[in-house]
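J.: got a structure for you, letters missing:
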């Protein structure tokens, strides 16, 4: 099974968005299947990307959303 993200790293925002979309499609996959293993790979890739980015990519529930007029 060939994937765009097979280089084992997410380096662009476009790849990040593609990984999130694929992850959403695999959400109910059985862990003991190729789709389930891909889900685990994507979680690791997404986590590594988010940790390497500025805090603006990662938003926690405790951070208020600021709206300026």
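T.: Perfect, thanks for sending it. Source: prediction; values computed, not measured. Numbers count the residues shown, from 1 in each chain.

J.: show me the contacts for residue 29.
T.: 35-36, 38-39 (Cβ atoms under 8 Å, 6 or more residues apart in numbering). (C-beta placed from N, C-alpha, C; glycine too.)

J.: take these and keep only those in helices.
T.: In helices, judged by DSSP state H, the following of the contacts of residue 29 are found: 35-36, 38-39.

J.: if we can go back for a sec, which among the contacts of residue 29 gets closest to residue 53?
T.: residue 39 (21.4 Å; Cβ to Cβ).

J.: I'd say the closest one and residue 23 touch.
T.: Yes. Using Cβ atoms under 8 Å, residue 39 makes contact with residue 23 at a distance of 6.6 Å.

J.: quick one: end-to-end distance for stretch 23-34.
T.: End-to-end distance for stretch 23-34: 13 Å, by Cα to Cα, to the nearest Å.

J.: pull out the buried residues from that stretch.
T.: Residues of stretch 23-34 classed as buried: 23, 26, 29 (neighbour count, 16 or more other Cβ atoms under 10 Å).

J.: isn't the second one right next to residue 42, touching?
T.: What it means is residue 26. Yes. Using Cβ under 8 Å, residue 26 is in contact with residue 42, at 7.1 Å.

J.: these two touch, right, residue 43 and residue 26?
T.: No. With contacts counted by Cβ under 8 Å, residue 43 stays clear of residue 26, the gap being 9.7 Å.

J.: type out the PyMOL command that picks the buried ones from the ones in helices among the contacts of residue 29.
T.: A single PyMOL command is used to select the members of these judged buried by 16+ other Cβ under 10 Å:
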select buried, resi 38+39
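
J.: closest one to residue 11 out of the ones in helices among the contacts of residue 29, please.
T.: Checking the ones in helices among the contacts of residue 29 against residue 11 with Cβ to Cβ, the nearest one is residue 38 at 18.8 Å.

J.: what about the helices in the protein?
T.: Under DSSP H, the chain gives helices at 13-25, 34-52.

J.: would you turn the ones you listed into CSV with mean pLDDT?
T.: Supplementary listing: those in CSV, determined by pLDDT from 0 to 100:
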stretch, mean pLDDT
helix 13-25, 94
helix 34-52, 92
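
J.: leaving aside the residues adjacent along the chain, what's closest to residue 46?
T.: With sequence-adjacent residues excluded and distances taken as Cβ to Cβ, 6 or more residues apart in numbering, residue 46 is closest to residue 19, at 5.4 Å.
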